[in-house]
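Engineer: let me see the structure of the following:
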Amino acid sequence: MEALHFKTATFEEEVLKSEKPVLVDFWATWCGPCQMQGPIVEELAQERDDIKIGKVNVDEESDLAEKFGIMSIPTIIAFRDGEVVSKAVGVQTKDKLLDLLGL
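Structural biologist: Next comes the predicted model:
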């Protein structure tokens, strides 16, 4: 499955109420490091169906970026049971992304 695109209107239902762990990539189209992170996130989304993986475009969903204190991008946040369990700023490897989820 490819990475989902989370929107403010559906974030609670898709992320906070998810039964699976969720990895969210906060990014923007103009961000060079985000363009490097994107393919890693997409590859992981294709490989794993036991976790939900998606992206939030901070320019389009500024309310979400503000709510989660996004100051630099890319920022990856891992959620479990509606709670933030870990956060990383900057380009992350696939292994590091799994570590954020505790997998």
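Engineer: only C-alpha atoms for contact and neighbour calcs from this point on.
Structural biologist: Will do.
Engineer: kindly check the end-to-end length of stretch 63-83 for me.
Structural biologist: From its first residue to its last, stretch 63-83 covers 18 Å (Cα to Cα, to the nearest Å).
Engineer: can you pull out the strands in the protein?
Structural biologist: Under the criterion DSSP state E, strands of the chain are mapped to 4-5, 22-27, 52-57, 75-80, 83-89.
Engineer: residue 25: how many residues sit nearby?
Structural biologist: Using other Cα atoms under 10 Å, residue 25 has 27 neighbouring residues.
Engineer: residue 72 versus that one, what's the distance?
Structural biologist: Per Cα to Cα, residue 25 is found 12 Å from residue 72.
Engineer: please apply the same query to residue 49.
Structural biologist: Relative to residue 72, residue 49 is positioned 28 Å away (Cα to Cα).
Engineer: do residue 61 as well
Structural biologist: To residue 72, residue 61 is 15 Å away according to Cα to Cα.
Engineer: per-residue confidence at the residue lying farthest from the centre of the chain?
Structural biologist: Largest separation from the mean C-alpha position in the chain: residue 30, at 17.2 Å (Cα atoms, centre = their mean). pLDDT, residue 30: 97.
Engineer: beta partners of the residue most central in space within the chain?
Structural biologist: Nearest to the mean C-alpha position of the chain, by Cα atoms, centre = their mean, lies residue 24 at 1.2 Å. Residue 24 has these beta-bridge partners by DSSP bridges: residue 54, residue 77.
Engineer: nothing else from me, thank you.
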